[in-house]
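Enquirer: dropping a prediction and its sequence here:
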Amino acid sequence: MSLMFILHFLISLSSGNHGNTDMILNKPTVISPSGAFCWFQDPRAVYIEGKYRRTYVGWISNQGKLEVGYYDHNTDEVKTNVIKEYWDIDDHNVPSFLVLPDLRLMIFYARHNKENLYARQSLNPEDITEWSDEITVAKMEKVTYSHPVFLENEKCFYVFWRGNTWKPTFATSNDGIHWSDTRVLFQDKGKEAENIRPYLKVVSDNKRTIHFAFTDGHPRNEPFNSVYYARYEWGNICRADGTCIGSLDTLPILHSDCDKVYDAKKTGARAWIWDIALNTEGNPVIVYTRMPEESKHFYHYAVWNGKQWIDHEITFAGPWFPETPKNIEEKEPHYSAGICINHSNTQEVYLSRQINNVFEIERWTTCNGGETWSHTPITRSSMVINVRPIVPWGYNKKQGHVLWMRGNYVHYTQFQTSIFCWIEK
């Protein structure tokens, strides 16, 4: 470990405990001194309450190690395990989690635009120390991201990812070991559509429905990048109002047949999705960013009220968060600092926005569907950035709980960030 990294870590710790009003009384826990994750794998963190009360999360270290770890809510113990000694230094390569019915963990992982999607299962419930042999879920030249689902009513596993054609792709399994041939889920028509790459977010009720939010493509390439929605139920693909637009026998589904939650052509501001969750009525809630300019990012909250999509702005986020070197053009100006929904309380989001030139984590809450908001700081007066907050899926306690990246970040292959964990007490 380099002297530079040790110095950075010490600064990160000191800035995390000094000047943060919530943190004076409740010091955050460092899950890993070196780690980063992107936001297009779901879930990146899960909470399991069985024999233990633990939060599990995965990351890539700045040495390229693929790792998972947990925080024990009863004992404050932190434990980590290396899944791959070298998995490329790229924060796209982190795992997604699936909690199996017996509380064992299953992880899915791939390298950025490289071959194959892989998976492993923990051998024991609520444990990360022993794993099954690695299996290959899908053999293809280019795989990025993963979103696993298990539908209880079908007794069927689904996993979604970005495949060879840059389109949302998936496979199914009856046992989690033997997987079907791959299929493209969404793809618009026309030659131009062949070159675009939709970005997908997935959430499920874990019983019979799977909900999707996705974009036309990457906002770098799509000046009118919009947000779409569709859901799967019992073999059919539907809009939010239940209108059937296709089935697993008529894939791929056209973008134009899905709900257009946000139409960028009407405002001229390109968008990028961040999270999708289900509220207490089972209706989808989506958070995303609008970017009228690359240096101006705004967080938005869209909810299906049973009849229509209602969309409200939450707050101004600031510019992109990567720390652009001097005299260098920013490579990822559409990287917002991040927003996530508390999946157990969709009226609560955690977000990162720029305050006094530093990105800070805050909790924002609404009681009227996003029309108005109140907020409280989680970090304050930091010396380094705090970005990409995530609330572990399955966490349903009243106390606030969020994980995030803290440190320095130049690019998804060049970062000196730690994984922090905060729990309200």
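Expert: Perfect, thanks for sending it.
Enquirer: what ranges do the strands span in the stretch 51-200 of the chain?
Expert: Ranges of strands in the stretch 51-200 of the chain, per DSSP state E, counting those that start in this stretch, are 53-60, 66-72, 78-84, 96-99, 105-109, 117-121, 135-138, 144-151, 156-162, 168-173, 183-184, 200-204.
Enquirer: OK, contacts around the closest residue to residue 223 other than its chain neighbours?
Expert: Leaving aside its chain neighbours, residue 223 sits nearest to residue 270 (6.0 Å; criterion: CB to CB, 6 or more residues apart in numbering). To be clear about C-beta, it is placed using only N, CA and C from the backbone, and glycine gets the same treatment. Applying CB atoms under 8 Å, 6 or more residues apart in numbering to residue 270 gives the contacts 219, 222-225, 264, 290-291, 334.
Enquirer: select, out of the strands of the stretch 51-200 of the chain, the one closest to residue 345.
Expert: Proximity to residue 345, assessed across the strands of the stretch 51-200 of the chain by CB to CB, is greatest for strand 200-204 (14.3 Å).
Enquirer: picking up where we left off before, Throw the strands of the stretch 51-200 of the chain into CSV and include mean pLDDT and mean neighbour count, thanks.
Expert: Formatted as CSV, the strands of the stretch 51-200 of the chain follow (pLDDT from 0 to 100; neighbours: other CB atoms under 10 Å):
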stretch, mean pLDDT, mean neighbour count
strand 53-60, 98, 26
strand 66-72, 98, 23
strand 78-84, 97, 16
strand 96-99, 98, 24
strand 105-109, 98, 23
strand 117-121, 98, 21
strand 135-138, 98, 19
strand 144-151, 98, 23
strand 156-162, 98, 23
strand 168-173, 98, 21
strand 183-184, 96, 15
strand 200-204, 98, 25
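Enquirer: closest to residue 368 out of those?
Expert: strand 200-204 (22.5 Å).
Enquirer: which helices and strands sit right next to the closest one?
Expert: strand 144-151, strand 156-162, strand 209-215, strand 270-278 (3 or more CB pairs under 8 Å, 6 or more residues apart in numbering; DSSP states H and E).
Enquirer: now render the ones you listed as JSON lines, adding distance to residue 365.
Expert: Listed next are the helices and strands packed on strand 200-204 as JSON lines, based on distance: least, CB to CB, whole Å:
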{"stretch": "strand 144-151", "distance to residue 365": "27"}
{"stretch": "strand 156-162", "distance to residue 365": "30"}
{"stretch": "strand 209-215", "distance to residue 365": "22"}
{"stretch": "strand 270-278", "distance to residue 365": "14"}
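Enquirer: re the thing from before, in TSV: the strands of the stretch 51-200 of the chain, plus distance to residue 246.
Expert: Shown next, in TSV, are those (distance: least, CB to CB, whole Å):
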stretch	distance to residue 246
strand 53-60	33
strand 66-72	36
strand 78-84	36
strand 96-99	25
strand 105-109	25
strand 117-121	24
strand 135-138	22
strand 144-151	18
strand 156-162	16
strand 168-173	14
strand 183-184	12
strand 200-204	16
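Enquirer: mind checking which of those is nearest residue 233?
Expert: Nearest to residue 233, of those and by CB to CB, is strand 144-151 at 9.6 Å.
Enquirer: in its sheet, which strands sit next to the closest one, and in what direction?
Expert: Each strand paired with strand 144-151, and its direction, by DSSP bridges: strand 156-162 (antiparallel).
Enquirer: now the angle between strand 105-109 and the strand it pairs with, please.
Expert: Using axes from the mean of the first three to the mean of the last three CA atoms, to 10 degrees, one finds that strand 156-162 and strand 105-109 are set 30 degrees apart in direction.
Enquirer: helices or strands next to whichever strand or helix holds residue 229 in the packing?
Expert: Assigned by DSSP states H and E, residue 229 belongs to strand 227-233. For strand 227-233, the elements it packs on are strand 209-215, strand 236-238, strand 259-262, strand 270-278, strand 284-293, judged by 3+ CB pairs under 8 Å, 6+ apart.
Enquirer: change it to 7 Å
Expert: Judged by 3 or more CB pairs under 7 Å, 6 or more residues apart in numbering; DSSP states H and E, strand 227-233 is in contact with strand 209-215, strand 236-238, strand 259-262, strand 284-293.
Enquirer: for the longest one, what is the average pLDDT?
Expert: This points to strand 284-293. Mean pLDDT, computed over strand 284-293, is 98.
Enquirer: do you know how far the residue nearest to residue 157 when sequence neighbours are not counted is from residue 41?
Expert: Nearest residue to residue 157 in three dimensions, chain neighbours excluded: residue 173, at 4.2 Å (CB to CB, 6+ apart). As judged by CB to CB, to the nearest Å, residue 173 and residue 41 stand 18 Å apart.
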